[in-house]
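Trainee: Next input, structure requested:
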Amino acid sequence: MPIYTRTGDAGQTSLFGGKRVPKSEPLVDVYGSIDELNSWVGFVSASFPSEEVQTFLSNIQSDLFTIGSVFAGWSGDLSILSKRVKEMEDRIDLMEKDLTPLTNFILPGGSAHGAHVHITRSVCRRVERQVVALFSSKMLDVRLQQGDKETILMYINRLSDLFFVLARFINKKEHVEETVWTGIAKTKKQ
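Mentor: This next block holds a predicted model:
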């Protein structure tokens, strides 16, 4: 069976249950961005020498796929998300013990691996903005409980926090100094 179905050639896609919607619909944009984020998480994971970290990031990828599927109309179970938020917080706390507290904004970048994690973080922040907009609009056809909406937002917010701290942690381990933003035209090393 070929990968192509030709059913999307006219700019529409199917949600779970068969409903056809334009590919430009905000809901489709949100789960498209979740897919993009998921791809970046896979890219970041592939660079880790630690199998344990790769497994954790693979679990994040599975969570993101579940969230995207729920947005597409699947009646999946989101109960793991609260547990995963706690796991992210524990990892953030552990990494922050090795980091200098920030007193200024830093420019995203550093080592290649650190910079890729910063890109992943910024894509995650975009997903968060899109989800907030979707939840605020009347366009969400998916029946989500209020608690599920809050859990999804908390999860995505914490995930972006995790990637921010992870980028800093990687740069420190790779002995790459962070560039502090001090104004429009000036930067200095922290």
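Trainee: before we move on, what SS does Pro2 have?
Mentor: Assigned with DSSP: H, G, I helix; E, B strand; the rest coil, Pro2 falls in the coil class.
Trainee: Number of residues surrounding it?
Mentor: As a burial measure, Pro2 scores 5 neighbours (other CB atoms under 10 Å). Where C-beta positions appear, they are placed from N, C-alpha and C, glycine not excepted.
Trainee: would you list every one of the helices in this protein?
Mentor: Here the chain has its helices, by DSSP state H, at 26-46, 51-71, 80-96, 112-136, 146-173.
Trainee: now the residue nearest the centre of the chain, nearest residue through space, not along the chain?
Mentor: In the chain, the centroid-proximal residue (CA atoms, centre = their mean) is Cys124; its distance is 3.5 Å. Distances taken as CB to CB, 6 or more residues apart in numbering put Ser160 closest to Cys124, at 4.1 Å, once the chain neighbours are dropped.
Trainee: I'd say the one you found and Arg121 touch.
Mentor: Yes: if you go by CB atoms under 8 Å, Ser160 and Arg121 touch, sitting 5.3 Å apart.
Trainee: Report how many residues lie close to the residue nearest to Cys124.
Mentor: Using other CB under 10 Å, Ser160 has 20 other residues around it.
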